[in-house]
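Novice: below is the structure, and that's it, no one-letter string:
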């Protein structure tokens with residue numbers, strides 16, 4: 001029986017893998033109130049389906065604002081409302097706006113590796 005002696009065998013597996021997860025933002029837009037002098041700004045709330053209440057997210061301290069961008073929104077469906085606020089208090093909630101942040105694709109399955117001897 002003949003044995004081959006391999007002085008050095010190097011198996012290099014190079015996987016170019018990007019673990020970069022996408023970051024999503026949600027931009028809310030609304031129509032302004034016709035009398036901005038009565039408004040100091042807007043409050044943004046997100047609906048909490050477990051507690052069944054709205055949770056304050058951010059204040060937009062501009063009476064003429066018509067948009068706000070919410071950074072780093074998690075995967076899933078998010079429901080928002082806004083209110084206007086001013087010297088005399090806070091308005092009722094606006095209508096609801098819903099945004100759905102998509103899930104990443106499913107991971108591949110049944111990955112196999114094969115080693116071959118190169119002579």
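Specialist: Yep, it's here. As the structure is a prediction and not an experimental result, all values here were calculated from the model.
Novice: check the burial of the residue nearest to residue 45 when sequence neighbours are not counted by counting its neighbours.
Specialist: The shortest distance from residue 45 to any residue other than its chain neighbours is 3.8 Å, reached at residue 54 (Cβ to Cβ, 6 or more residues apart in numbering). C-beta: built from backbone N, CA, C; applies to glycine. Number of residues near residue 54 (other Cβ atoms under 10 Å) recorded here: 18.
Novice: any idea what the closest residue to residue 97 other than its chain neighbours is bridged to?
Specialist: The shortest distance from residue 97 to any residue that is not its chain neighbour, by Cβ to Cβ, 6+ apart, is 5.2 Å, and that residue is residue 80. Under the criterion DSSP bridges, residue 80 forms beta bridges with residue 46, residue 97.
Novice: residue contacts, residue 80?
Specialist: Residue 80 makes contacts with 26, 28, 44-47, 57, 96-99, as judged by Cβ atoms under 8 Å, 6 or more residues apart in numbering.
Novice: many thanks, we can stop here.
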